[in-house]
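J.: okay, structure incoming, though there's no sequence with it:
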């Protein structure tokens, strides 16, 4: 069998003998995007993070960004298994966390919220 690229997909061609040159095109095709993951962290991972997560989902959708927004608590980060491209936190995050963090206080006060949403969008677009 021989795989050859045809535009953005791969086509399978049967051969009785292997072709002289076999190749598989690997990588990201034009127009393909990976859904970015945002983890919203608050003290308990319930009430406050729900409000923040909803605002992030709505704002990013309006900007045409496909994001997976999940909620959690600080203890979830201490296990070292957090899988996210960005954390938005309404509470203090331990220094041991290596995922970029955006302060989530503007989601609660309303002050500076547009700039915070712009910052989140820019980080997710990079």
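T.: It's in. These figures come from a predicted structure and were not determined experimentally. Numbering: from 1, shown residues only.

J.: which residues touch the helix or strand that contains residue 117?
T.: In this assignment (DSSP states H and E), residue 117 forms part of helix 113-125. Helix 113-125 is contacted from outside by 36, 38, 55-56, 59-60, 63, 65, 67, 85-86, 88, 100, 102-104, 106-107, using CB atoms under 8 Å, 6 or more residues apart in numbering. Every residue, glycine included, has its C-beta placed from N, CA and C.

J.: put the buried members of these into a PyMOL selection.
T.: The following PyMOL line selects those of these that are buried, judged by 16 or more other CB atoms under 10 Å:
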select buried, resi 36+38+55+56+59+60+65+67+85+86+88+102+104+106+107
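
J.: for the helix holding residue 117, buried residues please.
T.: So, applying 16+ other CB under 10 Å, buried residues of helix 113-125: 116-117, 119-121, 124.

J.: as CSV, the residues you listed with pLDDT and distance to residue 94 would be great.
T.: Formatted as CSV, the buried residues of helix 113-125 follow (pLDDT from 0 to 100; distance: CB to CB, whole Å):
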residue, pLDDT, distance to residue 94
116, 98, 21
117, 98, 25
119, 98, 21
120, 98, 21
121, 97, 26
124, 96, 23
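
J.: on that earlier part again, now the helix holding residue 117: how far from the chain's centre is it?
T.: 13 Å (CA atoms, centre = their mean, to the nearest Å).

J.: who touches the helix or strand hosting residue 87?
T.: Assigned by DSSP H and E, residue 87 belongs to strand 86-89. With contact meaning CB under 8 Å, 6+ apart, strand 86-89 is reached by 36-42, 52, 56, 77, 93, 97, 99-104, 107, 120, 123-124.
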